[in-house]
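K.L.:
got a sequence here, can you model it:
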Amino acid sequence: MSRTIEWNPSACVDLPNVSTHDTCTAEEASNSDEFKKLQRFIAEQTSTITSSLEALASGMRDGLIAVKSDLLSLHIKAAGHENKIDSVKAQLEAFWDKMADLEDRSRRCNIRITGLPEGAEGDDPRSFLRCQLPVWLPTLPSGDIKIMRAHRISSSTSSSSAVPRTLIVHLVHFADRQHILQAARQAPAPQYRGSTLHFFPDFSSRTAQRRKAYTPIILHARAAGLQPYLLFPARLKLSFRDHHQTYNTPETASHAVAWVLKVGPGGPLWLRVFVPTSFCF
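P.N.:
Modelled structure (predicted):
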């Protein structure tokens with residue numbers, strides 16, 4: 001048995017007429033508002049950050065400019081200090097040279113005798129030297145050599161007691177000093193009790209160091225057939241036959257001797273080619 005359902009219009013409920021399109025439009029509008037708010041927020045934050053970064057960059061720029069200015073000022077001051085230091089060094093070097101010159105002048109009548117056995121001079125070194133100098137140096141001019149004083153000094157380069165100390169002799173007359181040194185150069189090295197004696201002029205330590213720098217050059221010059229002469233205060237004169245040349249520094253003298261060793265002294269090539277600036281004979 002079938003059941004019939006009847007439609008009753010009055011029993012129906014009226015539903016709002018909302019379409020799907022209207023619902024999507026409302027959601028989009030809401031999302032658009034939220035997005036715009038987010039954009040405004042990001043823009044505000046970006047503007048704040050940009051302003052902060054610009055302020056920071058401006059401060060760093062100003063700081064760098066100040067640092068550059070300070071560095072430039074320091075460079076200028078440093079350059080001025082370097083010039084002053086160079087000037088002071090030059091003045092100090094001149095003062096040292098002046099002091100060395102004064103000390104050398106005070107020692108101009110002195111000679112140094114090395115190799116003399118300890119105690120050989122006894123209690124009266126002046127009388128001992130007056131008697132022995134003509135024996136050691138036969139070419140010494142006759143006459144009484146006046147000695148003011150003589151004494152031993154310790155050597156700073158040798159601490160061995162087996163090495164006799166240097167004997168410093170202070171003469172009254174400069175001419176006697178010159179005669180003794182000249183006679184020592186002319187005569188073979190004298191002997192005393194089996195020891196070889198050497199005679200040297202007495203200079204300040206500064207001058208002695210400057211002269212010592214020529215020692216290897218002198219040996220090479222003699223090997224090259226040249227005659228070297230060490231001049232006061234520290235210059236080297238090289239002679240070959242009638243040719244003479246003086247050098248004021250060890251560097252120029254070494255260059256000259258090296259050239260002679262390479263070319264060979266005496267030949268026409270040597271005399272013609274050995275002409276570069278101050279190195280010619």
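K.L.:
in the helix or strand hosting Pro216, what counts as buried?
P.N.:
Pro216 is part of helix 215-223 when elements are defined by DSSP states H and E. Residues of helix 215-223 classed as buried under the neighbour-count rule (16 or more other CB atoms under 10 Å) are 217-218, 220-221. Every residue, glycine included, has its C-beta placed from N, CA and C.
K.L.:
ok, stretch 118-128 next?
P.N.:
Quick answer for stretch 118-128 (16+ other CB under 10 Å): 121, 125-126, 128.
K.L.:
show me the shaky parts of the stretch 51-200 of the chain.
P.N.:
Low-confidence segments of the stretch 51-200 of the chain (pLDDT under 70): 155-161.
K.L.:
just the strands in it please.
P.N.:
110-114, 147-153, 166-171, 191-192, 195-196, 198-201 (DSSP state E, counting those that start in this stretch).
K.L.:
save these as TSV, and put in mean neighbour count and distance to Arg40 too.
P.N.:
Below are these laid out as TSV (neighbours: other CB atoms under 10 Å; distance: least, CB to CB, whole Å):
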stretch	mean neighbour count	distance to Arg40
strand 110-114	20	100
strand 147-153	15	98
strand 166-171	20	100
strand 191-192	13	113
strand 195-196	12	107
strand 198-201	18	100
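K.L.:
so can I have JSON lines of the ones you listed showing distance to Phe41?
P.N.:
Shown next, in JSON lines, are these (distance: least, CB to CB, whole Å):
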{"stretch": "strand 110-114", "distance to Phe41": "98"}
{"stretch": "strand 147-153", "distance to Phe41": "95"}
{"stretch": "strand 166-171", "distance to Phe41": "97"}
{"stretch": "strand 191-192", "distance to Phe41": "110"}
{"stretch": "strand 195-196", "distance to Phe41": "105"}
{"stretch": "strand 198-201", "distance to Phe41": "97"}
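K.L.:
what's the longest helix in the protein?
P.N.:
helix 20-106 (DSSP state H).
K.L.:
who does that one touch, helix- and strand-wise?
P.N.:
Contacts defined by 3 or more CB pairs under 8 Å, 6 or more residues apart in numbering; DSSP states H and E place helix 20-106 against helix 205-212.
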